[in-house]
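Colleague: give me a 3D structure for the following:
(2 chains)
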Amino acid sequence: MSSIPSEPQASTLPRAEGGKYLVFRLGLESYGVNVLNVRHIIRMLEITPVPRMAPYVRGVINLRGKVIPMIDLRLKFGLGEAEIGERTCTLVVETDAAHGGKALTGLIVDSVVGVDLIAASDIDHAPDFGAKLQTDHILGMAGSHGIVKALLNIDHVVSADGIHPVPHAHKS
Amino acid sequence: MAAELDDRPLTIDVENDRDLLHEFVLESHEHLARIEQETLILEENPTEATTLNAMFAAFHTFKGTSGLLNLLPIKDLSHELESLLDLARQNKILMTSVMIDLVLEGKDILKKCILQIEEQLKGNKGAPITLSTRDLSQRLHSVIHEAAAVNTVAPATPPGPSQALPSPRAPQAAKQVTDRAMVRVDIHKLDAMVDFVGELVVAHSLVKQDVSHLAAQSERTRRNLSQLAYITGELQRLTLSMRMVPIRPTFQKMQRLVRDLAARAGKHVQLILTGEGTEFDRTLVEAISDPILHMVRNSIDHGIEKPEARLAAGKPEMGSIHLKAFHKAGYVHIEINDDGAGLDKERILRKAVERGLVAPDAHPGEQEIFQLIFSAGLSTAETVSDISGRGVGMDVVRRNVEKLRGKIDIKSAPGRGSTFTITLPLTLAIIDGLLIGVGPERYIIPTLSVRESFRPTPAMISTVQGKGEMVTVRGHLSPLLRLYEHFGIAPLSTNPFESIVVRVESDQQDRCLLVDRLLGKQQVVIKSLGDSYQKNTHLAGAAILGDGRVGLILDINSLVKLKKETE
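Modeller: Predicted coordinates:
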């Protein structure tokens, strides 16, 4: 899966469909998440850190009585840490949980741009980004309105496999 | 009719009928449970009209729904059983124990079938579902014929299910089944409601703090606030009670088990139930069912003697097992009492020494010997039967009960019987926690695991080669775990003499945790951390603290066992 040839192999690989995408920014780059996966956009709440986890797992928050994990997308994608600013916010996304049911996860992003209607014809396969950004996370690239957006495979980004405890991270 | 029922595969249309099938499976479980309970009443009183009507109605509904879904083998089988019950409720035949057994057998076949449908609905493609009903339906036929021939009450009625028409009489009977109006609610909705109410309680306490100066000036505000506090409290109590269900179905399942096992073991046993209405947390009821089953099985196999041995000992031939549930001191108790032979202390000890579980020169006390029966690999049954005696089971019972944060006590007198008491917390949703501080972070330790906490003196802490730091508590050495180090947090102090040691215990092992501060005791509602953190074994869950922030609950069991990994 590390590189996707441009031949039409779409039958076996998940592919982005046309539709409404919530567009947000991490640094200079734009990303899109299918709006159907986005449950809330909230300001930053106080995070309780969970020890012995990878750095991009910032901890958990109390979302109206529910405890949900928080993932820092900048760190997850290797874009380097940023200060929490005025426009930093949390996207709460809903995905299928491993044991049935739905799971909520908070994603920390730099800013939310808005909702874009993206036609299927505007979506290309994800190119090979090399090691820095796993292509598994990307369903496709959309180039409408002059900005290139990476459309995320949100189930993959927040899958439990992607969150690992660090066995001896802090052993002195 | 019999030929038609010859092991036909059952075809279900998962694609089109998903919702209907799902509903059918849910309903069926209720009907089957109901049928099972009613059968036991029927055994005592085979002419009990309400029971016969209820069972008839249950099979009739079964028949109707399965017909609608084109589940023909199920429909035919329930039709035959319904016909038998129809004759019985019209007093045309008398239900014999043979017939009751047949009904139970039919119920089991239906149950197996429903479970298979349930699997397929979950997407597990299994082998096609087949029902072997021919044998049963032939026996049903012959039993009905025999009964009708003997019985002169209705000589003119040609019996047999093939003649019995699908009856339109059922609606009246069905009405009698529902004694209380119930609504089935999606468990996720209920959980969401509990979450919101928890949030309401926190929001309420925040608002109360914010307007406290107002309340001090205005009688009206004060009154309204206390009214709000009352409503919030009641609402919380009510939502938590919605998760509570009576233990009755679990207990009644045991009736069947006792009946079958006693017959197989050649013993006479009666089961007496008390406190079936005692309410437990729903998840607790599910989890405790297996341990109870094992213990009852154990009582029949090891506790109750054979009839001749009982008579020789001057006891009634019929042995009794008393299953009791009750609330006491904030806990729920389940008591399993038998009037059998009691535990044989000498034999248990001998076996334990043979198996190397106890040193030959040790002299354990009575309770310690009794607790040995929960060790893996110890069975005092002289012969291995198919009921129990392989030495597996009782250790699983203890492990399961401990997992539910409960314990088992044993009382036993030779020749007089044994009493096992399982003590469990009222609910799995709420625990008493000790709130501790490490650096800027707060964690919750379940109070049940905490033995003591103290500020250590320099004399108490020593470093043992190869084992790391140890704390000496009243002559006992306990390994020290610096939580800040383990969790990678900057502490208030790295000096143990300025910190607090909390000694925790799990599974008869203990460990001292070094923390910065004790922040108090608090009841917390346990929330799952979800799939994302399931690999983080040092945490048992999370809870919303009084200020609305999340606090993490430590998994003491894994922290206590940690030393083995790091050594």
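Colleague: C-alpha from now on. contacts and neighbour counts both.
Modeller: Noted.
Colleague: same question for the biggest helix by length in chain B, mean pLDDT?
Modeller: Longest helix in chain B by number of residues (criterion: DSSP state H): helix B:14-44. Averaged across helix B:14-44, the pLDDT comes to 80.
Colleague: just stretch A:77-95 next, same as before
Modeller: Mean predicted confidence for stretch A:77-95 is 88.
Colleague: confidence score at the residue of the stretch 1-150 of chain B found nearest chain A?
Modeller: As assessed by C-alpha to the nearest C-alpha, chain A sits closest to B:Lys122 within the stretch 1-150 of chain B, at 10.0 Å. B:Lys122 is assigned a predicted lDDT (pLDDT) of 77.
Colleague: ok, it - how many residues close by?
Modeller: When neighbours are counted by other C-alpha atoms under 10 Å in any protein chain shown, B:Lys122 registers 12.
Colleague: how far away is it from B:Asn70?
Modeller: As judged by C-alpha to C-alpha, to the nearest Å, B:Lys122 and B:Asn70 stand 20 Å apart.
Colleague: same deal with B:Pro46?
Modeller: 33 Å.
Colleague: before we move on, what about B:Glu119?
Modeller: Distance from B:Glu119 to B:Asn70, by C-alpha to C-alpha: 18 Å.
Colleague: do B:Arg355 as well
Modeller: 57 Å.
Colleague: B:Asp344 too?
Modeller: For B:Asp344 relative to B:Asn70 (C-alpha to C-alpha), the value is 57 Å.
Colleague: so what's B:Asp432 up against?
Modeller: B:Pro446, B:Thr447, B:Leu448, B:Lys521, B:Gln522, B:Gln523, B:Val524 (C-alpha atoms under 8 Å, 6 or more residues apart in numbering or on different chains).
Colleague: among the residues you listed, which lie within helices?
Modeller: Counting by DSSP H, the contacts of B:Asp432 contribute nothing to helices.
Colleague: of B:Pro46 and B:Asn70, give the one with the bigger neighbour count.
Modeller: Between B:Pro46 and B:Asn70, counted using other C-alpha under 10 Å, the more crowded position is B:Pro46 (19 against 15).
Colleague: can you tell me how far the more buried one is from B:Ile430?
Modeller: For B:Pro46, the distance to B:Ile430 - C-alpha to C-alpha - is 45 Å.
Colleague: same check on B:Leu518?
Modeller: 20 Å.
Colleague: neighbour count for those two, which is higher?
Modeller: Using other C-alpha under 10 Å, the more surrounded residue of B:Leu518 and B:Ile430 is B:Leu518, with 19 against 15.
Colleague: surely the more buried one is in contact with B:Gly433?
Modeller: No: B:Leu518 lies out of contact with B:Gly433 (C-alpha atoms under 8 Å); the separation is 11.3 Å.
Colleague: got the contact list for B:Arg89?
Modeller: B:Arg89 neighbours (C-alpha under 8 Å, 6+ apart): B:Thr47, B:Ala49, B:Leu52, B:Asn53.
Colleague: residues of the stretch 151-300 of chain B that sit close to chain A?
Modeller: By C-alpha under 8 Å from any C-alpha of the partner chain, the residues of the stretch 151-300 of chain B that approach chain A are B:Asp195, B:Phe196, B:Gly198, B:Glu199.
Colleague: same check on chain B?
Modeller: B:195-196, B:198-199, B:441, B:485-488, B:527-533, B:535-536, B:542-544, B:548-552.
Colleague: for ChimeraX, what selects the buried ones among these?
Modeller: Filtering these down to the buried ones (16 or more other C-alpha atoms under 10 Å in any protein chain shown) takes a single ChimeraX command:
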select /B:195,196,198,199,441,486,487,488,527,529,530,531,532,533,536,542,543,544,548,549,550,551,552
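Colleague: narrow the residues of chain B next to chain A to those in helices?
Modeller: Using DSSP H, the residues of chain B next to chain A in helices are B:Asp195, B:Phe196, B:Gly198, B:Glu199, B:Glu485, B:His486, B:Phe487.
Colleague: which non-adjacent residue is nearest the third one?
Modeller: Distances taken as C-alpha to C-alpha, 6 or more residues apart in numbering or on different chains put A:Gly65 closest to B:Gly198, at 6.4 Å, once the chain neighbours are dropped.
Colleague: middle-most residue in chain B, spatially?
Modeller: B:Ile288 (2.6 Å; C-alpha atoms, centre = their mean).
Colleague: separation between it and B:His333?
Modeller: 11 Å.
Colleague: try B:Ile247
Modeller: In terms of C-alpha to C-alpha, B:Ile247 sits 11 Å off from B:His333.
Colleague: overlap of the contact sets of these two?
Modeller: B:Ala325.
Colleague: please parse chain B into its domains.
Modeller: B:3-177, B:187-243, B:245-425, B:430-566 (automatic domain parsing).
Colleague: tally of neighbours for B:Glu72?
Modeller: I think there's a mix-up here, since residue B:72 is Leu and not Glu. Neighbour count for B:Leu72, taken as other C-alpha under 10 Å: 18.
Colleague: quick one: residues contacting it.
Modeller: So B:Leu72 contacts B:Leu10, B:Ser66 (C-alpha under 8 Å, 6+ apart).
Colleague: distance check, it against B:Ser66.
Modeller: For B:Leu72 relative to B:Ser66 (C-alpha to C-alpha), the value is 7 Å.
Colleague: helix/strand/coil for the residue in the stretch 251-400 of chain B positioned nearest to chain A?
Modeller: Using C-alpha to the nearest C-alpha, the single residue of the stretch 251-400 of chain B nearest to chain A is B:Thr283, 16.9 Å away. Secondary structure assignment for B:Thr283 (DSSP: H, G, I helix; E, B strand; the rest coil): helix.
Colleague: for the one 5 residues further on, same thing?
Modeller: Here B:Ile288 is helix, with the state taken from three-state DSSP.
Colleague: ok, the closest residue to it other than its chain neighbours - how many residues close by?
Modeller: Once flanking residues are discounted, B:Ile288 sits nearest to B:Val401: 7.3 Å by C-alpha to C-alpha, 6+ apart. Using other C-alpha under 10 Å as the criterion, B:Val401 is surrounded by 21 other residues.
Colleague: contacting residues for B:Val401?
Modeller: B:Val401 touches B:Ile288, B:Pro291, B:Lys407, B:Ile408, B:Ile422, B:Leu424, counting by C-alpha under 8 Å, 6+ apart.
Colleague: cool, A:Tyr56 as well?
Modeller: By C-alpha under 8 Å, 6+ apart, the neighbours of A:Tyr56 are A:Ile71, A:Asp72, A:Leu73, A:Arg74, A:Leu75, A:Lys76.
Colleague: so can I have a markdown table of the residues you listed showing secondary structure, distance to chain B and neighbour count?
Modeller: Shown next, in a markdown table, are those (DSSP: H, G, I helix; E, B strand; the rest coil; distance: C-alpha to the nearest C-alpha, whole Å; neighbours: other C-alpha atoms under 10 Å in any protein chain shown):
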| residue | secondary structure | distance to chain B | neighbour count |
| --- | --- | --- | --- |
| A:Ile71 | strand | 10 | 25 |
| A:Asp72 | strand | 14 | 20 |
| A:Leu73 | helix | 15 | 21 |
| A:Arg74 | helix | 18 | 19 |
| A:Leu75 | helix | 17 | 17 |
| A:Lys76 | helix | 14 | 18 |
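Colleague: for those, give me TSV that also has distance to B:Val296.
Modeller: Converted to TSV, these look like this (distance: C-alpha to C-alpha, whole Å):
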residue	distance to B:Val296
A:Ile71	49
A:Asp72	52
A:Leu73	54
A:Arg74	57
A:Leu75	55
A:Lys76	53
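Colleague: break down chain A into its strands, ranges please.
Modeller: A:19-26, A:29-34, A:38-42, A:57-63, A:66-72, A:89-96, A:102-109, A:111-118, A:123-124, A:138-142, A:149-152 (DSSP state E).
Colleague: want to throw those strands into JSON lines with distance to B:Leu21?
Modeller: What follows is the strands of chain A, written out as JSON lines (distance: least, C-alpha to C-alpha, whole Å):
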{"stretch": "strand A:19-26", "distance to B:Leu21": "33"}
{"stretch": "strand A:29-34", "distance to B:Leu21": "32"}
{"stretch": "strand A:38-42", "distance to B:Leu21": "31"}
{"stretch": "strand A:57-63", "distance to B:Leu21": "35"}
{"stretch": "strand A:66-72", "distance to B:Leu21": "32"}
{"stretch": "strand A:89-96", "distance to B:Leu21": "23"}
{"stretch": "strand A:102-109", "distance to B:Leu21": "22"}
{"stretch": "strand A:111-118", "distance to B:Leu21": "38"}
{"stretch": "strand A:123-124", "distance to B:Leu21": "40"}
{"stretch": "strand A:138-142", "distance to B:Leu21": "35"}
{"stretch": "strand A:149-152", "distance to B:Leu21": "36"}
